[in-house]
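# my questions concern the predicted model and sequence given below.
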Amino acid sequence: MAEGTSGTREPEQSRFDYWLELAGSILLAAAVIATAFCAYEATRWGGVQATAFASAGSQRNQSVAALSTGNTQLSYDATTFGQFVFEFRGALEDPELLAEARELAGQLMRAEFLVYLDEWLASDPLNNPDAAQTPFELDSFANQSQLESERLVAEAEASFQKAKDANQTGDDYILATVFFASVLFFTGISSKFVNHNLKSAILILATVGLIVGIIRMSTLPFH
């Protein structure tokens, strides 16, 4: 009877060992694949980060150049407008002289600014108390170079934020690999133990690490 009982337990133990080894192999394979995928994604997001940072730097440089151009244009517009008012102030009250003065102004002033000069003249600034004192005070007044600078600043900030988000995503993928590394560790050391209960407990820990890592990885964006 003792021999029969021993003979029965040995096949059962062999089957249990088989399932433990199979579970360990599956955990190892899953952990290796997940680790490789996380490393791949972290590398891809690192590339996104580098590109976004480069774009942000380029856009900031362009915005500075556009702002400098806009300031130069405003300075020129202010100078030519001052000369216009100084030389042709009397013409503002005479339609014929005003037309001649406007023609001369068109030879000196920038086309972009002439639009606002015409709007200002049409408001009859000398007789209309509600009129703007200068074209620069019109609600519609804008300098396209300065607007371009503002647009580029906004784009640079968006690119910089994109780079920060990509960096964080890459770090999160690296963090996920820590869980998968724990799976590799626990599965590896489980083979060193003979006690089935201890081996099973270690594989359970490895399974928990794998599940947590997969959940963490599934919440991250793919690239």
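The structure has been received and is ready for your questions.
# grab the nearest non-local neighbour of the residue positioned nearest the centre of the chain.
Nearest residue to the geometric centre of the chain (C-alpha atoms, centre = their mean): residue 162, 1.1 Å. Using C-beta to C-beta, 6 or more residues apart in numbering and skipping residues adjacent in sequence, the residue nearest residue 162 is residue 52, 4.3 Å away. Glycine gets a C-beta too; all of them are placed from N, C-alpha and C.
# following the helix or strand that contains the one you found, which helix or strand comes up?
According to DSSP states H and E, residue 52 maps onto helix 2-88. Remark: after helix 2-88, the chain's next helix or strand is helix 95-108, criterion DSSP H and E.
# tilt between the worst-scoring helix or strand of the chain on mean pLDDT and helix 2-88?
Every helix and strand of the chain was ranked by mean pLDDT, DSSP states H and E. The lowest is helix 95-108, at a mean of 78. Following axes from the mean of the first three to the mean of the last three C-alpha atoms, to 10 degrees, one obtains 130 degrees for the angle between helix 95-108 and helix 2-88.
# give me the helices and strands touching helix 95-108, please.
helix 2-88, helix 111-122 (3 or more C-beta pairs under 8 Å, 6 or more residues apart in numbering; DSSP states H and E).
# let me have these in JSON lines, adding mean neighbour count, mean pLDDT and distance to residue 183 as columns.
Output for these, formatted as JSON lines (neighbours: other C-beta atoms under 10 Å; pLDDT from 0 to 100; distance: least, C-beta to C-beta, whole Å):
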{"stretch": "helix 2-88", "mean neighbour count": "15", "mean pLDDT": "86", "distance to residue 183": "4"}
{"stretch": "helix 111-122", "mean neighbour count": "16", "mean pLDDT": "91", "distance to residue 183": "65"}
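# if anything else comes up later, I'll come back, but that's it for now.
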